[in-house]
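Visitor: next comes the sequence, and after it the predicted model I'd like to discuss.
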Amino acid sequence: MRVLGKLLVAIYGLAVYAFIFLPVVVLVLFSLQATSFPIPPFTGPSLRWYEAVLGDTRLTSALVNSVMVAVISSALAVGLGFLSAWGFARYHLPRAALLRGLITLPLTVSYLIIGMGILILFNTAGIPKSLAAAGIGHVVINLPLCFAIIYSQMGDNQVNLERAARDLGAPEWKVLFLISVPVMWPAIFASFFLSMTFSWDEFVISFLLTRFDTTLPVEIWNLLRSGLNPRTNAIGSLVFGVSVVLAILFELILLRRNRA
């Protein structure tokens, strides 16, 4: 009976992993398809479609745009989230619980609703669609996450260190940048990489707020409108590869820090 239970657990675990990773395996496999149709039978391996993607200036521009928007918007979201978390953790504000709830509220709202609200606001203010507008939208959706992560890691040990620095004559800006930021570095680092991951493959807000200069997910959607194309598989594989590299880099940095 115990052997049967272990077998069922193993089968269930394999089924879960297959459900999660089988679509990715199929995507990567048919990105190596040699023919023009990403359908069985497999005729690869071939790097033909990767060469086509990297040789397409529109796709490479969209790739650069995605990286630029992800890095800048994540840095802004982390900076604003850290300052907000530090202010709530170190000062007694009236109705602080309500204000914290308002900051984290976008986490419970659909990206479509947020994107439409930002679009209406920008149209009213006369702000045109652009990569900058999409970046602002990404800051809006990522700032609550950064705030929640960083605020949850602000404990009494940081307060004692900051108080000791003030007692030794350090001005407030030195306390903030030389004490608080280094102590909170793991939470800040995690917030930045999570924000980059979410911004990197975000579609709805980028679609609503960009016009001519688009991000990679929007460009992939434009390709899919014309039907199945091996280039879309190659682009998807590249996006997945970048996400995996970022996740591995994040784990290695945390592991090195823990060992140190």
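Guide: Okay, I see it.

Visitor: Ser61: what's it in contact with?
Guide: Residues counted as contacts of Ser61 (CB atoms under 8 Å, 6 or more residues apart in numbering) are Asp213. Heads up, the C-betas are built off the backbone N, CA and C, glycines and all.

Visitor: for the longest helix along the chain, buried residues please.
Guide: With secondary structure taken from DSSP state H, the chain has its longest helix at helix 57-90. For helix 57-90, a neighbour-count test (16 or more other CB atoms under 10 Å) marks 59, 62-63, 65-67, 69-74, 76-78, 80-82, 84-86, 88-89 as buried.

Visitor: quick one: Phe177 from Gly135, how far?
Guide: Separation of Phe177 from Gly135 (CB to CB, to the nearest Å) stands at 24 Å.

Visitor: listing request: residues of the stretch 151-260 of the chain with sub-threshold pLDDT.
Guide: For the stretch 151-260 of the chain, the stretches flagged by pLDDT under 70 are 156, 226-229, 254, 257-260.

Visitor: ah, wrong one, I meant the stretch 1-150 of the chain
Guide: Using pLDDT under 70, the stretch 1-150 of the chain drops low at 1, 35-40, 42-44.

Visitor: strands along that one, start to end?
Guide: Taking DSSP state E, counting those that start in this stretch as the test, none of the stretch 1-150 of the chain falls into strands.

Visitor: what is the end-to-end distance of stretch 200-217?
Guide: With CA to CA, to the nearest Å as the measure, stretch 200-217 spans 8 Å from end to end.

Visitor: give the buried residues for that stretch.
Guide: In terms of neighbour count (16+ other CB under 10 Å), stretch 200-217 has its buried residues at 200-202, 204-210, 213-217.

Visitor: got the contact list for it?
Guide: The list of residues contacting stretch 200-217 from outside it, by CB under 8 Å, 6+ apart, reads 59, 61-63, 65-67, 69-70, 111-112, 114-116, 118-119, 122, 128-131, 133-134, 136-138, 141, 218, 221-222, 235, 239, 242-243.
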